[in-house]
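Trainee: Here you go, sequence then predicted model.
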Amino acid sequence: MRLSERLARAFLRVTGWRCHGEAPSRRCVIIAAPHTSNWDLLWMLAFGWSFGLRPRFMMKHTVFVGPAGWLFRRLGGIAIDRRRTGGVVKQMGTEFAGAEQLHLVIPPEGTRGRRDYWKSGFYHIAREARVPVSLTFLDYGRREAGFGPEIELTGDMTSDMDRIRAFYADKRGLRPENFGPIRLLEEDELTRAAQG
């Protein structure tokens, strides 16, 4: 067991958090939800390290300048340049293609404030990279963190999202009022097109 794993487990135990589940596949997109507080990053890192993982997460390339860049890379940050041709989905597809192991953590809410929709990037990245989606959670109400099921996305967005909605239905963020509906804008667009 690595030092980071031992320290993370000790930290979580001392702070009263319990962990559940088993580590996911070597290559997957990890949904981090609910995401309602700045504290979520600290707990997510500790939780991932406690399972022996090195969680990776995307950040704007501009924050990787100077000493802060070294720190963010060390913590698992991946620089994303939105100006590049092909966009973020293609960039991450390429990143997965060249990696033997990659646990990409994405908070699909995209912000700590309440939103009407989740961002669909996690869905499209997983489909592009042909990797499963691992459902993880930080439940502040019960002080529990865990890995839930790992699902292979089918391309039937509504059906896939129904499975995700069912999993997160009873999870509580630090600020529950900031946890909005678990829905993608594209689902509504598909519904409107079908009714069209």
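Mentor: Done, it's in.
Trainee: rest of the way, CA atoms for contacts and neighbours
Mentor: OK.
Trainee: quick one: low-confidence parts of the protein?
Mentor: Low-confidence segments of the chain (pLDDT under 70): 1, 84-86, 111-112, 196.
Trainee: any idea whether Leu153 is helix, strand or coil?
Mentor: coil (DSSP: H, G, I helix; E, B strand; the rest coil).
Trainee: ok, now how distant is it from Val133?
Mentor: 7 Å (C-alpha to C-alpha, to the nearest Å).
Trainee: my guess is Gln91 is in a strand, correct?
Mentor: No - checked against three-state DSSP, Gln91 lies outside a strand; its state is helix.
Trainee: what helix or strand is Thr94 on?
Mentor: helix 87-97 (DSSP states H and E).
Trainee: which is the next helix or strand following that helix?
Mentor: Assigned by DSSP H and E, the successor of helix 87-97 is strand 102-106.
Trainee: quick one: the helices in this protein?
Mentor: Taking DSSP state H, the helices of the chain run over residues 3-14, 39-50, 67-75, 87-97, 121-129, 157-168, 185-195.
Trainee: can you list these in CSV and add mean neighbour count?
Mentor: Shown next, in CSV, are the helices of the chain (neighbours: other C-alpha atoms under 10 Å):
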stretch, mean neighbour count
helix 3-14, 16
helix 39-50, 19
helix 67-75, 13
helix 87-97, 17
helix 121-129, 19
helix 157-168, 15
helix 185-195, 11
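Trainee: Distance to Ser25 added to those helices, as JSON lines?
Mentor: Formatted as JSON lines, those follow (distance: least, C-alpha to C-alpha, whole Å):
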{"stretch": "helix 3-14", "distance to Ser25": "18"}
{"stretch": "helix 39-50", "distance to Ser25": "13"}
{"stretch": "helix 67-75", "distance to Ser25": "20"}
{"stretch": "helix 87-97", "distance to Ser25": "13"}
{"stretch": "helix 121-129", "distance to Ser25": "13"}
{"stretch": "helix 157-168", "distance to Ser25": "18"}
{"stretch": "helix 185-195", "distance to Ser25": "27"}
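Trainee: Ignoring the adjacent residues along the chain, who's closest to Leu138?
Mentor: Of all residues not flanking Leu138 in the chain, Ala145 sits nearest, at 4.5 Å (C-alpha to C-alpha, 6 or more residues apart in numbering).
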